[in-house]
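Q: sequence? don't have it. structure:
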């Protein structure tokens, strides 16, 4: 079974631009979560989607948004990019999307975003 | 996918020795804990998990210990191999927080041949 895939793998943008990142979960997985990873802040939760609905949201500004499609694929968007948005953006999927959590989450390879 | 800053704790061990990586968590409401391994250029890879109703769980060459009294988690790797060299993260999940994980800062494990 194929793992979580993320596209693109690398991206360079300039300040003020916007960017859209894509994530395809493992086949059959219905929950998709996004994380930002930086050297300074480590791994931080952005948001989680299940059944096309955002279920949880981390402490990030409204410039960060996401959505999930009926086939469970997800996209995240960052508008008005800032230098500090340079990071590795990771997507993780899990099978049942249980509200109670406690599920194994499988991560993709990430999209490395560089903002100049 | 390097993930860590200049001040990441580092554990250096000799090949064949056992490794112990520690993690302190802060939220008493957390009831599910996971260890991930991240190699350069890759996303975190699931190693082992444990629920709060357990204090020990074993996998292949790995053991996770949970001490809820002091909110401490450890990962033991037996007979450490060069392929174990990576950054290791613990993560916690609270009940009814969906799949939101809170990650620790990570520990870099370096295995000397």
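A: Arrived safely, thanks for sending. Quick caveat: nothing in here was measured; it's all calculated off a predicted structure.
Q: quick check: which element contains residue A:77?
A: For residue A:77, the enclosing helix or strand under DSSP states H and E is strand A:74-78.
Q: mean confidence for the next helix or strand after that strand?
A: Using DSSP H and E, the next helix or strand after strand A:74-78 towards the C-terminus is strand A:87-94. Throughout strand A:87-94, pLDDT has a mean value of 97.
Q: ok, strand A:87-94: who's next to it in the sheet?
A: Taking DSSP bridges as the criterion, strand A:87-94 forms sheet pairs with strand A:31-38 (antiparallel), strand A:106-107 (antiparallel), strand A:111-115 (antiparallel).
Q: list the buried residues for the strand holding residue A:77?
A: Of the residues in strand A:74-78, those with enough neighbours to count as buried (16 or more other CB atoms under 10 Å in any protein chain shown) are A:74, A:75, A:76, A:78. Glycine gets a C-beta too; all of them are placed from N, C-alpha and C.
Q: now for residue 101, how many residues are close by?
A: No chain specified, so I'll use chain A. In terms of burial, residue A:101 registers 23 neighbours under the definition other CB atoms under 10 Å in any protein chain shown.
Q: the intended chain is chain B.
A: Counted with other CB under 10 Å, the burial measure for residue B:101 works out to 27 neighbours.
Q: contacts only, for it.
A: Taking CB atoms under 8 Å, 6 or more residues apart in numbering or on different chains as the criterion, residue B:101 is in contact with A:33, A:35, A:43, A:45, A:92, A:105, B:34, B:91, B:92, B:93.
Q: now, which of these sits nearest residue B:79?
A: Using CB to CB, residue B:34 is the member of the contacts of residue B:101 that lies nearest residue B:79, at 22.4 Å.
Q: ends of stretch A:80-93, how far apart?
A: When the termini of stretch A:80-93 are compared using CA to CA, to the nearest Å, they are 27 Å apart.
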